[in-house]
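Student: structural data only, the sequence is not supplied:
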């Protein structure tokens, strides 16, 4: 009798092959649904980054409603976000800490968006702040945000615009007003590097990590490392991307390079080579990191927590790795 019962129970179990097939089907379906919200794609499975929606400018003089002033503007940033990190780097390099305040938001894996530790402008989430600025707003609520406390609105949420404003429009209040990260004589070269680096590196790592087909991933990965190799060659004869001085092109590249070995190499499958394995790129990253004020904008633990802990479709277990060791950068702020 016992033998029969055991046989009957065994017969009611699904064979492992069916269990695996069912599990893959369910997970793939759910993964595609979650990825469609996290990372819009085209028909080829390539990640397409939506454009920023708020593109006004702080401008001295003229008829701009947003005039430079100390204490009028706040930067809303997430410490893990490379786009927001750019604004913190320029703020530090220019010495604008006393003129422009910073408020930090953190990602919530449950709500799928940025939230405040304590309410800001009566808002609990960044999405609510966007709705305050534009009632009925239904787009993405992203960082960075340059917020005008006087008119209670978003001036701009495009990092490329914000860093240009921080560089040029607040010199009256800056501790380093003579530092020009976007000089007229280098603008063409800076813009050329920015275009190449944005497509293939800044956004390229996301095109790898958020690719939804093998073909899309292979294309993005090839373009990423081809461009990194080109930069490696260029830096053999140039201290910075555009010569002997730091520019906005370096700032825009830095925040991606700093995260590369930490998260993109593993989580985003950009694992052909680490940045520290490049002779010139590794040294370049170390030098940028050691510029006065820059290290204080870098938070390794927040970066790991924000990526590994919150990008559920890429890391379902939510396990945050203990490494990597970034001591080669040479300062103790990375911990």
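Tutor: Cool, the structure landed. Just so it is clear, the model here is predicted, and its values are computed rather than measured. Residues are numbered from 1 along each chain as shown.

Student: quick one: contacts of stretch 314-325?
Tutor: 109, 209, 261-262, 266-268, 304-305, 307-309, 312 (C-beta atoms under 8 Å, 6 or more residues apart in numbering). (Glycine included, C-beta is placed from N, CA and C.)

Student: and if you look at stretch 131-143?
Tutor: By C-beta under 8 Å, 6+ apart, the surrounding residues in contact with stretch 131-143 are 50, 52-54, 76-78, 81, 83-84, 105, 113-114, 121-123, 125-127, 129-130, 147, 152-154, 157.

Student: picking that back up, let's have the contacts of stretch 314-325 in CSV, adding secondary structure, neighbour count and distance to residue 135.
Tutor: Formatted as CSV, the contacts of stretch 314-325 follow (DSSP: H, G, I helix; E, B strand; the rest coil; neighbours: other C-beta atoms under 10 Å; distance: C-beta to C-beta, whole Å):
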residue, secondary structure, neighbour count, distance to residue 135
109, coil, 12, 28
209, helix, 21, 34
261, helix, 22, 43
262, helix, 24, 38
266, coil, 17, 41
267, coil, 20, 36
268, coil, 25, 36
304, helix, 20, 36
305, helix, 17, 33
307, helix, 23, 32
308, helix, 20, 35
309, helix, 16, 32
312, coil, 14, 30
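
Student: out of these, the closest to residue 328 would be?
Tutor: Among the contacts of stretch 314-325, residue 261 lies closest to residue 328 (C-beta to C-beta), at 9.6 Å.

Student: that closest one reaches residue 278, doesn't it?
Tutor: No. Between residue 261 and residue 278 there is no contact under C-beta atoms under 8 Å: 10.6 Å.

Student: in the protein, what residue spans correspond to helices?
Tutor: Counting by DSSP state H, the chain has helices at residues 2-11, 16-38, 82-94, 126-133, 159-168, 187-197, 204-209, 214-234, 248-259, 279-289, 300-310.

Student: re earlier: put the buried members of the contacts of stretch 131-143 into a ChimeraX selection.
Tutor: Only the buried members of the contacts of stretch 131-143 enter the following ChimeraX selection, criterion being 16 or more other C-beta atoms under 10 Å:
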select :52,53,54,76,77,78,81,83,84,105,113,114,125,126,127,129,130,147,153,154,157
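
Student: nearest spatial neighbour of residue 227, chain-adjacent residues omitted?
Tutor: With sequence-adjacent residues excluded and distances taken as C-beta to C-beta, 6 or more residues apart in numbering, residue 227 is closest to residue 200, at 4.0 Å.

Student: the one you found contacts residue 224, correct?
Tutor: Yes. Assessed by C-beta under 8 Å, residue 200 is found in contact with residue 224 at 5.7 Å.

Student: how many neighbours does residue 58 have?
Tutor: 25 (other C-beta atoms under 10 Å).

Student: give me phi/psi at it?
Tutor: phi -80, psi 130 (degrees, to the nearest 10).

Student: gap between it and residue 44?
Tutor: 39 Å (C-beta to C-beta, to the nearest Å).

Student: also residue 77?
Tutor: Distance, residue 77 to residue 44, by C-beta to C-beta: 33 Å.

Student: per-residue pLDDT, the residue nearest the centre of the chain?
Tutor: Residue closest to the average C-alpha location in the chain (C-alpha atoms, centre = their mean): residue 82, at 2.9 Å. If you check residue 82, the pLDDT there is 98.

Student: can you get me a residue count around the closest residue to it other than its chain neighbours?
Tutor: Nearest residue to residue 82, sequence neighbours excluded (C-beta to C-beta, 6+ apart): residue 255, at 4.0 Å. Number of residues near residue 255 (other C-beta under 10 Å) recorded here: 23.

Student: for residue 255, give its distance to residue 110.
Tutor: 27 Å.

Student: repeat for residue 288
Tutor: Applying C-beta to C-beta to residue 288 and residue 110 gives a distance of 35 Å.
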